[in-house]
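Student: sequence plus the predicted model coming up.
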There are 2 protein chains.
Amino acid sequence: MSGSKPSSEVEEGLVFQPRFDASGLVTCVATDAKTGDVLMVAHMNEEALRRTVETGDAWYYSRSRKALWRKGESSGQIQRVIEMRTDCDQDAVWIKVEQQGAACHTGRRSCFYRAVTKGDGDKIGLSFVDADRLFDPADVYGAKA
Amino acid sequence: MSGSKPSSEVEEGLVFQPRFDASGLVTCVATDAKTGDVLMVAHMNEEALRRTVETGDAWYYSRSRKALWRKGESSGQIQRVIEMRTDCDQDAVWIKVEQQGAACHTGRRSCFYRAVTKGDGDKIGLSFVDADRLFDPADVYGAKA
């Protein structure tokens, strides 16, 4: 990460030594391999990283469900990993993926379907952009309260 | 984030209500507005978010230095924000930027200058990719131990 303390081994070495946070996680950014759009930001633990590299499918660790999950295991909206990279201080990975359908559980292609915009005075608002749903979450995940 | 508990207000509303973590931060992914490449992953606190929206320059919060910083204030390698988006559960933002020079403090265009690759057996290694330096960090930041 820019601005962090330099370490030649971590920054310039060829050994993958992910720097997990206190919860044992690194941040993962998934982008669409074709368009470059950011599809989602999620987390991987050591096992998710290993399975992703081994299988070529994206695996994550859900902080809310406290569980390993293969992206698309419920929805079918899997991610095939074209390339994985790590950053200078190895606390984040970037995967370029072929996304099957929608990455977001709301049914949108990307989780980033709202722009943050400057309004009048101090107001900051949101506006929908690229927000069409590719599926109805109720159909895919079942009805939720 | 995919898989999180749905909340119509947070996910479908037009009010920007960033969900800061215990340290008061959201994750920020900066991508090159032209190429879609991920340049860096960093963090913003409330003040960094506000200044970024107000000024159109990227501001971050450094966890290591515990300080607000305007990207490029030391190096001159500023980021002009073309668009900011937030994700479904509003704990991450994505900014598309015009990057002046290099985003990474190592002098590379992107912090993600190494690919994570599967080697023999269980081995996972790194290989340099797009790793040319645009500047010498010693020239820009001064010599470091």
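Tutor: Okay, I see it.

Student: in the lengthiest helix in chain A, what counts as buried?
Tutor: Longest helix of chain A, by residue count under DSSP state H: helix A:46-55. Of all the residues in helix A:46-55, those buried under the rule 16 or more other CB atoms under 10 Å in any protein chain shown are A:Ala48, A:Leu49, A:Arg51, A:Thr52, A:Val53. Quick note: C-beta positions are derived from backbone N, CA and C, even for glycine.

Student: tell me the one among those residues nearest to chain B.
Tutor: Ranked by distance to chain B (CB to the nearest CB), the buried residues of helix A:46-55 are led by A:Val53 at 5.3 Å.

Student: I'd assumed B:Gly125 was in contact with the closest one.
Tutor: No - between A:Val53 and B:Gly125 there is no contact under CB atoms under 8 Å: 10.0 Å.

Student: what sits in contact with each of these two?
Tutor: B:Val116, B:Thr117 (CB atoms under 8 Å, 6 or more residues apart in numbering or on different chains).

Student: A:Glu98: how many residues sit nearby?
Tutor: 12 (other CB atoms under 10 Å in any protein chain shown).

Student: tell me the contacts of the nearest residue to it once chain neighbours are set aside?
Tutor: Closest residue in space to A:Glu98, ignoring its immediate chain neighbours: A:Arg80 at 4.3 Å, by CB to CB, 6 or more residues apart in numbering or on different chains. By CB under 8 Å, 6+ apart, the contact list for A:Arg80 reads A:Gly56, A:Asp57, A:Ala58, A:Val97, A:Glu98, A:Gln100.

Student: which strand residues bridge A:Arg80?
Tutor: Beta-bridge pairing for A:Arg80 (DSSP bridges): A:Asp57, A:Glu98.

Student: find the centremost residue of chain A, please.
Tutor: Residue closest to the mean C-alpha point of chain A, counted by CA atoms, centre = their mean, is A:Val41 at 3.1 Å.

Student: still on that earlier bit, neighbour-wise, which one of the contacts of A:Arg80 leads?
Tutor: That'd be A:Ala58 among the contacts of A:Arg80, by other CB under 10 Å, with 27 neighbours.

Student: does that one touch A:Ile78 like I think?
Tutor: Yes - with contact defined as CB under 8 Å, A:Ala58 reaches A:Ile78; the gap is 7.5 Å.

Student: re the thing from before, return the member of the contacts of A:Arg80 nearest to B:Asp32.
Tutor: A:Val97 (17.8 Å; CB to CB).

Student: about what we covered before: next secondary structure element downstream of the longest helix of chain A?
Tutor: strand A:59-62 (DSSP states H and E).

Student: report the contact partners of A:Val140.
Tutor: Counted by CB under 8 Å, 6+ apart, A:Val140 has contacts A:Ser74, A:Ser75, A:Gly76, A:Gly107.

Student: quick one, phi/psi of A:Thr117?
Tutor: phi -130, psi 150 (degrees, to the nearest 10).

Student: contact partners for the residue nearest to the centre of chain A?
Tutor: Shown in contact with A:Val41 (CB under 8 Å, 6+ apart): A:Thr27, A:Cys28, A:Val29, A:Ala30, A:Cys111, B:Met1, B:Thr27, B:Val29, B:Asp87, B:Ala92, B:Trp94.
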